[in-house]
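Undergrad: here is my input; please provide its structure:
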Amino acid sequence: MECCKVFLNNTSFILNKVITASNLALLVLLSFNPCQAQSPPSSLERELRLRQDSLRNPELAKSVSRQARILLDMATLCEDSLRYGQAVKYLYQLSKLPRVKAACTPKFWYNFSNSLGIDLREIGQYAAAEKWLMEAAQTSESNELGFSGAYANLYDLYIRTNNFAKAQAAASKYIDAAAQAQSLPKIAFGNYLMGRALVASQYFSSAERYLKNATRQYLQLKDSSQLGLINMQWGHIHAHKKNYSLAKKYHQTAYENSLRYNPSAVPYAIMNIANIESEQKEHQKAITRLNAALVQVQNAQDLPGETQCLYKFAIIYLRAGMPQKALAFAQEALNLTLRTHDLYYKNKIVSLLPEIYAANGQWKEAYTSVQLIRFQADSLLISAGELSRELELQVQQVSYQKKLTAQVLEVEKSRRIANFNLMAVALVAMLGIIVFLFYRNLALTTQNRMVQVEQEALQKTEELRAFSYTLGHDLKSPIENAQMLLQRFEKQFAFQLSAEATVQLLKLKAFHLDAQTLLEGMLVYAQNDQLPFQPSLFETTRVVKSLIDTIKEAEPDRNLEFKIGDLPNLSGDSFMLRQVMANLLLNAVKFTNGKTPAVIKINATSKEEGWEIWVKDNGVGFPPESASRIFDLFSTSHDRTVFAGNGIGLAIVKRIIEKHQGKVWSKVNPEGGATVGFFIPNVAQ
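TA: Just a heads-up that it's a prediction; the model follows:
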């Protein structure tokens, strides 16, 4: 082994000498070429070359720790020149040294991990950055290295990626480390970080508590340098409460503080003031301020600040009724986020584009943008799995689709009116005054009918908007807060609860799940009116058999006996009619729970103008006085604790059958159970 090591070392030494000699020869040849002029290397390149040459020293190969120090020094030089990609290359080379972690001190390994995490964050590799910053934090904690700034770097990473829950956790760790180090300045800064994360999450009451603590601690330290940043957060809180005069006062105070202590924050304070002025309808004044802020961030080569400023321009021009300029600024800001890997503002801009397209009357682009947000939810929206956000996107998508359809209908209506007017003029010329008066009266009648139809359409639209607002705003916040509190309570106190308290907690979770299910049912009910009617041949027997197979697979422990009669094929929308049959079968299965066997009959009766199809069961039935109410929205004939349900299934059945010009009915069977059915004409329109 020793001979092999000596051979390898000698071989490496000879190769290094050959390479060095070749490089010198090449430089000599180039020096004799008058057309080949070389610019002198920069000071950074000279420093890096010196350290690269020292790494080739065979003696240095025996010391992993010395190689690691040189590579970390080279990465630091690149970081000072903002060459983060080159710094990452040197740090990855350091991480691949044999047994490097064991050869280095914990303090060195902490500095290396922290630097690599910061550099990866700056080039947009956020997952790898989180891994190495967590490594730095764990190294600091396990080796008791004292106060660690890794959590502050993790916090900045989570803020950039819209992950506000993790940002709050990182701020909490930062505060704990500062308290352990008994450093009041760091505790104050940690309180500011937590307040900022809570403001971004819109938990304003909690944010106010942390910001007050930070303000009190900085005043106790007689340090006013950070009060400007704290005042910015207070401004955001009051702006959300629509107290714009107080919000502007806080942002103005932040601006004055930044002028004195933190000049780099001045353009951000100006942007905040401009945003408040725009909310107060002072758009021209806001645009003037933003122009001043844009000049400052461009002179400072602050690309994130330039992105934020362009985004503010887009918002203010949209509010000012200039959507074309808003679109230009939004697209410019979006291009800039691709260069800076800024996911936070990329998400905000992408979410703003549908509204800008809609304001420009570009309904097709608006509809496509909403679809892209939904299909790319994993990369664009950190919390896209939440029910409230999904509901908002679906309602917004339906709204844009409806407006696009209305625009096409408006063009068609205008074309028809133009043709009608031309025909009326021709008839007036041929038939005279009598024919002219006749067609004028006819035109007025048609116009009055069109006005009436438009008013009805507007009324329906307003009802849909009110319903969308209830789903997207009034119901979203309580359900989200309840879910957050239940998760936090279960995580912290699950092992301390008594048996009775555990049962109560499970009931609360069940109630929360019922609320979510109710929201989903409401959305399905609302969307049925928006679905286009697509008539086709509906194969009733085949669909019913398929649904029965699915039900039996879902209820393997039930003794279910289905009896299918001679069912006709129907003319109608196949998707809607399948939903009708599914709801009727599921309703019968639910109310026969406890019956052995549960007998469910599906049959049809021919009528003069159509077919009557019904589902009969031997379940618990319902009170006869409830027969006319079971198809009403949210109506249930039994206690929901006994038979779970939200009273939406049969309401959807009624809505769909009415779309087919049919009728629904129900009755109580004399021998027990119930029969629910519907009539549908032979040719449904």
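
Undergrad: can you show me the strands along the chain?
TA: Remark: strands assigned in the chain by DSSP state E are 535-538, 560-564, 570-573, 598-606, 610-617, 663-668, 674-681.

Undergrad: of all the ones you listed, which one is nearest residue 348?
TA: Nearest to residue 348 among the strands of the chain is strand 570-573 (39.2 Å), distances taken as CB to CB. C-beta: built from backbone N, CA, C; applies to glycine.

Undergrad: quick one: contacts of the closest one?
TA: Strand 570-573 is contacted by residues 531, 533-538, 540, 577, 611, 656, 659-660, 680, 682-684 when judged by CB atoms under 8 Å, 6 or more residues apart in numbering.

Undergrad: got JSON lines for the strands of the chain, with mean pLDDT, distance to residue 213 and mean neighbour count too?
TA: As requested, those are exported to JSON lines (pLDDT from 0 to 100; distance: least, CB to CB, whole Å; neighbours: other CB atoms under 10 Å):
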{"stretch": "strand 535-538", "mean pLDDT": "85", "distance to residue 213": "65", "mean neighbour count": "14"}
{"stretch": "strand 560-564", "mean pLDDT": "89", "distance to residue 213": "62", "mean neighbour count": "15"}
{"stretch": "strand 570-573", "mean pLDDT": "87", "distance to residue 213": "60", "mean neighbour count": "23"}
{"stretch": "strand 598-606", "mean pLDDT": "91", "distance to residue 213": "62", "mean neighbour count": "18"}
{"stretch": "strand 610-617", "mean pLDDT": "91", "distance to residue 213": "63", "mean neighbour count": "21"}
{"stretch": "strand 663-668", "mean pLDDT": "87", "distance to residue 213": "61", "mean neighbour count": "17"}
{"stretch": "strand 674-681", "mean pLDDT": "90", "distance to residue 213": "61", "mean neighbour count": "22"}
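
Undergrad: nearest to residue 295, of these?
TA: Once those are compared by CB to CB, strand 570-573 is nearest, at 59.0 Å.

Undergrad: list the strands paired with the closest one, with their directions.
TA: When pairing is defined by DSSP bridges, strand 570-573 lines up against strand 535-538 (antiparallel).

Undergrad: chain center to the partner strand: distance?
TA: Averaging C-alpha positions (CA atoms, centre = their mean, to the nearest Å) puts strand 535-538 38 Å from its chain's average.

Undergrad: still on that earlier bit, now the strands of the chain as a markdown table including distance to residue 118?
TA: Below are the strands of the chain laid out as a markdown table (distance: least, CB to CB, whole Å):
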| stretch | distance to residue 118 |
| --- | --- |
| strand 535-538 | 60 |
| strand 560-564 | 62 |
| strand 570-573 | 58 |
| strand 598-606 | 65 |
| strand 610-617 | 65 |
| strand 663-668 | 65 |
| strand 674-681 | 65 |
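
Undergrad: for those, which one sits closest to residue 248?
TA: Residue 248 sits nearest to strand 570-573 of all the strands of the chain, at 54.5 Å, using CB to CB.

Undergrad: could you check how far the closest one is from the centre of its chain?
TA: Distance, stretch centre to chain centre, for strand 570-573: 38 Å (CA atoms, centre = their mean).

Undergrad: over to stretch 115-123?
TA: Worked out by CA atoms, centre = their mean, stretch 115-123 lies 25 Å from the chain centre.

Undergrad: state the mean pLDDT of that stretch.
TA: Averaging pLDDT along stretch 115-123 yields 88.

Undergrad: run through who's touching that stretch.
TA: Everything outside stretch 115-123 that qualifies as a contact, by CB under 8 Å, 6+ apart, is 72, 75-76, 79, 84-85, 87-88, 91-92, 95, 126, 128-133, 135-136, 150, 153-154, 156-157, 160, 341.

Undergrad: from residue 449, how far off is residue 436?
TA: Per CB to CB, to the nearest Å, residue 436 is found 21 Å from residue 449.

Undergrad: between the two, which is the more surrounded one?
TA: When residue 436 and residue 449 are compared for neighbours, residue 436 comes out ahead with 15 against 10, by other CB atoms under 10 Å.

Undergrad: burial count for residue 481?
TA: Residue 481 has 11 nearby residues by other CB under 10 Å.

Undergrad: swap that for residue 182, sorry
TA: If you count neighbours by other CB under 10 Å, residue 182 ends up with 9.

Undergrad: backbone dihedrals for it, please?
TA: Residue 182 adopts backbone torsions of phi 50, psi 50, taken as degrees, to the nearest 10.

Undergrad: contacting residues for it?
TA: Contacts of residue 182 (CB under 8 Å, 6+ apart): none.

Undergrad: what's the nearest residue to residue 204 if we skip its chain neighbours?
TA: Distances taken as CB to CB, 6 or more residues apart in numbering place residue 237 nearest to residue 204, at 5.1 Å, with adjacent residues excluded.

Undergrad: right, I mislabeled it, should have said residue 649
TA: residue 583 (4.3 Å).

Undergrad: what separates the one you found from residue 537, distance-wise?
TA: 21 Å.

Undergrad: tell me where the model's unsure across the stretch 251-400 of the chain.
TA: Within the stretch 251-400 of the chain, the ranges that satisfy pLDDT under 70 run 373-400.

Undergrad: do you know how far the closest residue to residue 155 other than its chain neighbours is from residue 161?
TA: Once flanking residues are discounted, residue 155 sits nearest to residue 170: 4.1 Å by CB to CB, 6+ apart. Distance of residue 170 to residue 161, given as CB to CB: 12 Å.

Undergrad: what about these two, which has more around it?
TA: residue 170 (28 against 21).

Undergrad: ok, the more buried one - contacts?
TA: 151-152, 154-155, 158, 193.

Undergrad: just send the residues you listed back as a markdown table, with neighbour count and distance to residue 263 too.
TA: Converted to a markdown table, the contacts of residue 170 look like this (neighbours: other CB atoms under 10 Å; distance: CB to CB, whole Å):
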| residue | neighbour count | distance to residue 263 |
| --- | --- | --- |
| 151 | 27 | 27 |
| 152 | 20 | 21 |
| 154 | 26 | 27 |
| 155 | 25 | 23 |
| 158 | 24 | 27 |
| 193 | 24 | 21 |
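
Undergrad: of those residues, closest to residue 591?
TA: residue 158 (49.6 Å).

Undergrad: what about stretch 206-223, average pLDDT?
TA: For stretch 206-223, the mean confidence score works out to 90.

Undergrad: now that stretch: buried residues?
TA: 207-208, 210-211, 213-215, 217-218 (16 or more other CB atoms under 10 Å).

Undergrad: likewise for stretch 576-594?
TA: Neighbour-count burial for stretch 576-594 flags 576-592 (criterion: 16+ other CB under 10 Å).

Undergrad: now that stretch, how far from the chain's geometric center?
TA: Centroid separation between stretch 576-594 and its chain, computed with CA atoms, centre = their mean, is 35 Å.

Undergrad: equivalent analysis for stretch 121-137, please.
TA: Taking CA atoms, centre = their mean, one finds stretch 121-137 lying 22 Å from the centre of the chain it belongs to.
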